[in-house]
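Asker: Structure, please.
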Amino acid sequence: MPADYTNSEQFRGARIHLSDLAGLEIRDCAVTGLKIVDCYGSDVYLGGDFTRLVVNDVDVTAYVEAELDRQHPARVLARDATTPDDYRAAWRAIETQWAATLERARQLPEATLHERVNGEWSFVETHRHLLFAGDAWLGNAVLEEPAPYHPLGLPAGGTPPEEAAKLGLTLDATPTLDEVLAARRARMATLRAIVDGLTETDLDRVCARKPGDLYPDREYVLRRCLSVVLKEEAEHHRYAVRDLAALRAGTG
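Answerer: Numbering: from 1, shown residues only. Predicted structure coming up:
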């Protein structure tokens, strides 16, 4: 079994030379300053949030962002929203694209929607994570609900199990898609109600709570909370569409 390094700093500033790194996977890591020089191979995949990305001395950052925006226009609306009308337009676009994607997903067997592609979350797990994001950033931070977290919510990878348990989450649950969607649609309706009545004054309201105990102590305004949820929705929809295509093609 390949070695697994978690929460390690042993590779910080390291130099790996003349080694076989075929199949190496780096996931959920800080890679600022990472250099891959004079290496060779095929099927090299990079995925993440890179402020600047250079391939063979060519800065491809702007090209990659522009291509993602072309393929997924809702991510532009989510990223650039600044006014109440912007947030309403972004949420309408996200609801519309999820409705279409769910319709396509239901053409696959239920079991397929629980399959992971290349180690990423399954379609059902993706909706569980978006349920958690809405619970944290809306139910807890914005609305200050007494019990904001649904048990089927799935937090970010690497969240300590004991912290998830404190929130009442059942990480090892195996719900059906419809069971997850029942809770998810209720939270989506919450967001729709918020943006429908949104005003300029509302956007700069400071929330009395942060999204959860593991989040840093800082000021959380409504504008930021909404933006985080919209960006989560847009990006995870992109991942879901990508993985559904692989599952339909039988290459998952």
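
Asker: State the number of residues packed around residue 250.
Answerer: 7 (other Cβ atoms under 10 Å). Bear in mind the C-beta positions are built from the backbone N, C-alpha and C, glycine included.

Asker: And it, how far from residue 43?
Answerer: Residue 250 sits at a distance of 18 Å from residue 43 (criterion: Cβ to Cβ, to the nearest Å).

Asker: Equivalent analysis for residue 92, please.
Answerer: In terms of Cβ to Cβ, residue 92 sits 38 Å off from residue 43.

Asker: can you check residue 251 too?
Answerer: Distance of residue 251 to residue 43, computed by Cβ to Cβ: 13 Å.

Asker: more crowded one of the two?
Answerer: Comparing residue 251 with residue 43 by other Cβ under 10 Å, the one with more neighbours is residue 251, at 9 against 5.

Asker: Could you give me the buried positions within stretch 31-40?
Answerer: Buried residues in stretch 31-40, counted by 16 or more other Cβ atoms under 10 Å: none are found.

Asker: cool, stretch 169-177 as well?
Answerer: Those would be 169, 175, 177, for stretch 169-177 by 16+ other Cβ under 10 Å.

Asker: Run through the strands of this protein in chain order.
Answerer: Secondary structure of the chain by DSSP state E: the strands cover 54-55, 58-59.

Asker: got these as a markdown table, with distance to residue 76 columns?
Answerer: Shown next, in a markdown table, are the strands of the chain (distance: least, Cβ to Cβ, whole Å):
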| stretch | distance to residue 76 |
| --- | --- |
| strand 54-55 | 24 |
| strand 58-59 | 21 |
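
Asker: Could you say which of the ones you listed is packed most deeply?
Answerer: strand 54-55 (a mean of 12; mean count of other Cβ atoms under 10 Å).

Asker: Was I right to think residue 203 contacts residue 224?
Answerer: No: with contacts counted by Cβ atoms under 8 Å, residue 203 stays clear of residue 224, the gap being 9.3 Å.

Asker: circling back: ok, which of the strands of the chain comes nearest residue 156?
Answerer: strand 54-55 (27.7 Å; Cβ to Cβ).

Asker: what pairs with that closest one, and is each one parallel or antiparallel?
Answerer: Strand 54-55 has its sheet partners listed here by DSSP bridges as strand 58-59 (antiparallel).

Asker: Any chance you could list what contacts stretch 175-194?
Answerer: Stretch 175-194 is contacted by residues 91, 95, 102, 105, 110, 113, 123-124, 127-128, 130-131, 134-135, 138-139, 142-143, 150, 152-153, 226, 229 when judged by Cβ atoms under 8 Å, 6 or more residues apart in numbering.

Asker: ok, 7 Å please
Answerer: Stretch 175-194 is touched from outside by 91, 95, 110, 113, 124, 127-128, 130-131, 134-135, 138, 142, 150, 152, 229, with contacts defined as Cβ atoms under 7 Å, 6 or more residues apart in numbering.

Asker: where does the stretch 1-150 of the chain have low pLDDT?
Answerer: 1 (pLDDT under 70).

Asker: Out of the contacts of stretch 175-194, which end up buried?
Answerer: Buried among those by 16+ other Cβ under 10 Å: 91, 95, 113, 124, 127-128, 130-131, 134-135, 138, 142, 150, 152, 229.

Asker: from these, which two are the most distant?
Answerer: The widest separation within the buried ones among the contacts of stretch 175-194 (Cβ to Cβ) is 29.7 Å, between 113 and 142.

Asker: Buried residues of the helix ranked longest in the chain, list them for me.
Answerer: Using DSSP state H to define each element, the chain has its longest helix at helix 222-249. Buried positions in helix 222-249, judged by neighbour count with 16+ other Cβ under 10 Å: 222-238, 240-241, 243-244, 247.

Asker: before we move on, what about stretch 55-71?
Answerer: Under 16+ other Cβ under 10 Å, stretch 55-71 has no buried positions.

Asker: same thing with stretch 146-158?
Answerer: Under the neighbour-count criterion of 16+ other Cβ under 10 Å, stretch 146-158 has 148-150, 152-155 buried.

Asker: Thanks a lot, see you next time.
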